[in-house]
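Engineer: Generate coordinates for the sequence data below:
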Amino acid sequence: MLSDRLRRELQRLPGLQLQGLGSPGQQSGLIAFTLEGWDGQALKEELARRGINIGANGVNGVNYTPLDMQARSLGSVARIALSYFNTQEEIECLLQALAELAGNTRS
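Structural biologist: Residues are numbered from 1 along each chain as shown. Down below sits the predicted model:
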């Protein structure tokens with residue numbers, strides 16, 4: 001439920017593209033995405049400065065999913081891993097931070 005809601009909200013952010021495959025309602029709590037103008041690792045670091053922890057597969061991270069990332073020409077992706085411990089407030093905080101960063105570019 002949390003990841004479905006988050007995916008819907010993320011799709012509304014300018015410059016953000018979900019990178020996960022699979023059918024809606026059949027996806028896990030792991031959400032891979034790219035944000036225009038941001039490298040996945042730089043985005044992870046900026047969110048960490050704001051107290052938000054996400055993961056990233058960057059240039060070196062391609063080793064974790066090389067076939068998929070290379071086939072889709074993805075140099076880096078940011079990754080959100082939700083669990084039942086996450087709260088609506090945490091999701092709102094993440095969405096607000098990403099909305100702010102969508103207006104600021106940094107590679």
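Engineer: Show the residue spans covered by the strands in the protein.
Structural biologist: 16-18, 30-35, 55-57, 77-81 (DSSP state E).
Engineer: Looking at the nearest residue to residue 88 once chain neighbours are set aside now. What's its pLDDT?
Structural biologist: Leaving out its chain neighbours, the residue that sits closest to residue 88 by CB to CB, 6 or more residues apart in numbering is residue 2, at 7.9 Å. To be clear about C-beta, it is placed using only N, CA and C from the backbone, and glycine gets the same treatment. pLDDT for residue 2: 83.
Engineer: if I read this right, residue 2 contacts residue 80, doesn't it?
Structural biologist: No - with contact defined as CB atoms under 8 Å, residue 2 does not reach residue 80; the gap is 10.2 Å.
Engineer: Can you list the buried residues in the top helix by length along the chain?
Structural biologist: The longest helix of the chain (DSSP state H) is helix 88-102. For helix 88-102, burial by neighbour count (16 or more other CB atoms under 10 Å) applies to 91, 94-95, 97-98, 101-102.
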